[in-house]
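Asker: coords please:
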Amino acid sequence: FDLGDSGLTYDIGEALGVHAENNPEDVDAFIKFYGLDPNAIVEVPNRDDPSVLENRTVYQALSQNIDLFGRPPKRFYEALAEFATDEKEKKELLTLASPAGATEFKRRAEVDTVTYADILLEFRSAHPSFHDLVRIVSPLKRREYSIASCQKVTPDTVALMVVVVNWVDPRGRDRFGLASHYLSKLKPGTPVTVSVKPSVMKLPPLPTQPIIMAGLVTALAPFRACVQHRAMEKAQGKEIGSVLLYLGSRHQREEYCYGEEWEAYRAAGVITMIGTAFSRDQPQKIYIQDRMRQTLPEIIKAYIHEKGAFYLCGPTWPVPDVTSVLEEAIAMDAKAQGKKVDPRREIEQLKDEGRYVLEVY
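Answerer: Numbering: from 1, shown residues only. Down below sits the predicted model:
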């Protein structure tokens, strides 16, 4: 994204909140089905501050303020039941909101991936006014993406690393993630509303302190910013610490994101080591914790002896396995030094020092 004269600033590790808009064709179809006037003026909560009300047209509200094509929680079914004039529909909505309807609710949410609009289309006797619709449908929230660039290196731009989410539901309907689909459809020059979210992820205070980074696919975004920063420091003649990068995905051919950049940084002496774990490219599955375990001496040197910092970004599931490898490194080094330590307590201490950082979801 070109920052232009927006004045937007960001730091390494921060996220860019994209204020996406609902798909125009879907909004038009819903307006037609629901019998709304797209140009009518309505009062809706501001999408940045829901406590503030603002005047929008119906079309603007459905495009930018209301999560009409999001996944409805149980409380929506219960709230919608109040408006149902057909007793059978009313009963079914209340059942879906109750423990008795848990299995069917889960199927709708996880298999059929139904949206608020789908439910309104299905239960046609429940027809809240637009004012009530705004009250019972969740507001459209920004989608946050870790920033994949260092502003000191690219002062006028901000980069994101996004995978477009799309699938076909059991009814054969095309489904997609709100923000990734919105971004994929943007044309050059289109203005985008964004905001910056702070992060717990910070680089060590000294450029000579090593950084050890582990992540899966798009979770590599902040690591790109870190490596850009270290490359800049090296170009300035500063001594930089070692950079160990562990990255995981299913297949190298399709998901070695920024692969050429990582290889170029290694060739330039910025990245010390790349531990790639392409889990499905061989008969036995290989994960980032396996690559880390294979390089314990390097981790001990960078993390313990040279007081480096460790970062794990991405889903939560690798956390126990990756942490276990770090505990092994601590225990192995302590044994070599003839010391007795509690690896778990050491990890807690490293957390307090900002040298063990998890950015997981």
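
Asker: ok, Ile288 - contacts?
Answerer: 214-216, 246-248, 275, 277, 318, 322 (Cβ atoms under 8 Å, 6 or more residues apart in numbering). (Each C-beta comes from the backbone N, C-alpha and C, glycine too.)

Asker: Which pLDDT value goes with the residue nearest the centre of the chain?
Answerer: For the chain, the residue nearest the mean C-alpha position is Tyr145 (5.1 Å; Cα atoms, centre = their mean). If you check Tyr145, the pLDDT there is 93.

Asker: Do I have it right that it meets Ala15?
Answerer: Yes: in this structure, Tyr145 is within contact of Ala15 by Cβ atoms under 8 Å, at 6.0 Å.

Asker: and the worst-scoring helix or strand of the chain on mean pLDDT, which residues are buried?
Answerer: None of the helices or strands of the chain scores lower by mean pLDDT, DSSP states H and E than helix 252-255, at a mean of 72. For helix 252-255, burial by neighbour count (16 or more other Cβ atoms under 10 Å) applies to Glu255.

Asker: The residue nearest to the centre of the chain belongs to a strand, doesn't it?
Answerer: Yes: under DSSP: H, G, I helix; E, B strand; the rest coil, Tyr145 sits within a strand.

Asker: Just list the residues touching it, thanks.
Answerer: 15-16, 18, 160-162, 179, 218, 221.

Asker: quick check, nearest of those to Gln151?
Answerer: Using Cβ to Cβ, Leu16 is the member of the contacts of Tyr145 that lies nearest Gln151, at 11.5 Å.

Asker: Report pLDDT for the closest one.
Answerer: 96.

Asker: how about it, secondary structure?
Answerer: strand.

Asker: That one: neighbour count?
Answerer: For Leu16, the neighbour count with other Cβ atoms under 10 Å is 24.

Asker: doesn't Tyr10 make contact with it?
Answerer: Yes: counting by Cβ under 8 Å, Leu16 touches Tyr10, with 7.1 Å between them.

Asker: tell me, what's touching those two both at once?
Answerer: 147, 158, 196.

Asker: I'd like these as a markdown table, with neighbour count and distance to Pro210 appended.
Answerer: Formatted as a markdown table, these follow (neighbours: other Cβ atoms under 10 Å; distance: Cβ to Cβ, whole Å):
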| residue | neighbour count | distance to Pro210 |
| --- | --- | --- |
| Ile147 | 25 | 22 |
| Val158 | 23 | 27 |
| Val196 | 16 | 27 |
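
Asker: Let's have the residues you listed in CSV, adding distance to Lys202.
Answerer: As requested, these are exported to CSV (distance: Cβ to Cβ, whole Å):
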residue, distance to Lys202
Ile147, 13
Val158, 18
Val196, 15
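
Asker: and of those, the nearest to Thr85?
Answerer: For the shared contacts of Leu16 and Tyr10, the nearest to Thr85 is Val196 (46.6 Å; Cβ to Cβ).

Asker: where along the stretch 201-350 of the chain do the strands fall?
Answerer: 211-216, 243-249, 273-278, 309-314 (DSSP state E, counting those that start in this stretch).
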